[in-house]
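J.: generate a structure from the sequence data that follows.
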Amino acid sequence: MDKLPISCFIIAKNEADRIGRTIRSVKPWVDEVVVIDSESTDDTVRVAASEGCRVVTQRWLGFGGQKRFGEDQCRNDWVLNLDADEVVTPALRREIMALFKYVAPSRVAYGMPIELVYPNTKRPRLWARDHWYVRLYDRRVVRFRDSNVHDTVVTDGQAVGILRAPAYHYMFRSYEHLKRKLGERMLLSAKHANSSTAALVARMAIEFPVNFFKYYIGRRHFTGGLNGLRYSWIQADYRLLKIFHMWRDRSSKGQSPEPDTAGGHENFKAKADADTKAGSSAAELPLYG
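T.: Presented below is the predicted three-dimensional model:
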């Protein structure tokens, strides 16, 4: 199989059990695979090296910063970014190869669907509709945003092509792992958010039902049976907790008095404190899901 003039780069930390599958989905047809490891303490580096990847160690720079560093390590101008828990499907591989069959792609960036796969299952649920991200692009024209929290390719008005076939996202190993990841991301997002206290109090009343509807109906997790129900509930729950953390942080700085706890804020506080305590030792770890 002829290899395309594409560098695939993957940021990773402690992904020894998953990264091999990601690498093998692209290694036969891209020019190189570069793994940016942020000081893993498991066998991530050994696994990546054994798969023939070039491994670069870089202390965590934030989501955007780490991916921008990854862009700089690539030898090709066209790059494909994957997380260590994502897999390019054969259909997506064929679609990307078709772009480079005769001439350079007509667009400078291409987005693709990223479809969630529940633990202990092999494929996304029926009618999956999770995320759509720009992941294949010419780094001379567009790049990732330099952000601590968000990892998004900034296209600045450039026309973006559409790839129809998905990558599969094995986001979490178990539901406890999902809760841990969301708890860590929740604290990070709350730290960097800038919403007003009044807006946060208003959002607390609607955050759970709005997000449950978004995931269960809007993103079609209702087709995932009990897995879909559980996933949607956990996502909505942690988004509510994120808003509470943001409100509590601003209240502690004296931006406004605390609202009446009769509406249930004491329960939020107890749960938020428990989540913070449980995740405090991991809150500094990067999340790639």
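J.: contacts, neighbours, all on C-alpha from now
T.: Noted.
J.: Ser189 in helix, strand or coil?
T.: Assigned state for Ser189: helix (three-state reduction, DSSP: H, G, I helix; E, B strand; the rest coil).
J.: hey, what's Val30 bridged with?
T.: Each beta-bridge partner of Val30 is listed here: Leu4, as defined by DSSP bridges.
J.: so, low pLDDT: which residues of the stretch 1-150 of the chain?
T.: Counting by pLDDT under 70, the stretch 1-150 of the chain contains no low-confidence residues.
J.: quick one: the helices in this structure, in order.
T.: 19-24, 44-50, 63-73, 90-99, 175-192, 197-204, 207-213, 225-252, 265-279 (DSSP state H).
J.: can you pull out the low-pLDDT segments for the stretch 151-289 of the chain?
T.: Scanning the stretch 151-289 of the chain for pLDDT under 70 picks out the ranges 190, 192-193, 253-289.
J.: returning to that earlier point: so which of the helices of the chain is nearest Ile10?
T.: Evaluated with C-alpha to C-alpha, those place helix 63-73 nearest to Ile10, the distance being 7.5 Å.
J.: coming back round to it: what's the closest of the helices of the chain to Ser7?
T.: Set against Ser7 and scored by C-alpha to C-alpha, those come closest in helix 63-73, at 8.8 Å.
J.: run the chain-centre distance for that closest one.
T.: Helix 63-73 has its C-alpha centroid displaced from the chain centroid by 14 Å (C-alpha atoms, centre = their mean, to the nearest Å).
J.: the closest residue to Ala49 other than its chain neighbours: neighbouring residues, count only.
T.: Counting by C-alpha to C-alpha, 6 or more residues apart in numbering, Ala49 lies nearest to Val55, which is 6.6 Å off, once chain neighbours are set aside. Under the neighbour criterion other C-alpha atoms under 10 Å, Val55 is assigned a count of 20.
J.: ok, what's across the strand from Val55?
T.: Taking DSSP bridges as the rule, Val55 bridges to Val35.
J.: any chance of the helices of the chain in JSON lines with mean neighbour count and distance to Arg139 as columns?
T.: Conversion of the helices of the chain to JSON lines gives the following (neighbours: other C-alpha atoms under 10 Å; distance: least, C-alpha to C-alpha, whole Å):
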{"stretch": "helix 19-24", "mean neighbour count": "20", "distance to Arg139": "21"}
{"stretch": "helix 44-50", "mean neighbour count": "19", "distance to Arg139": "23"}
{"stretch": "helix 63-73", "mean neighbour count": "21", "distance to Arg139": "7"}
{"stretch": "helix 90-99", "mean neighbour count": "15", "distance to Arg139": "16"}
{"stretch": "helix 175-192", "mean neighbour count": "18", "distance to Arg139": "27"}
{"stretch": "helix 197-204", "mean neighbour count": "16", "distance to Arg139": "37"}
{"stretch": "helix 207-213", "mean neighbour count": "18", "distance to Arg139": "34"}
{"stretch": "helix 225-252", "mean neighbour count": "19", "distance to Arg139": "33"}
{"stretch": "helix 265-279", "mean neighbour count": "15", "distance to Arg139": "36"}
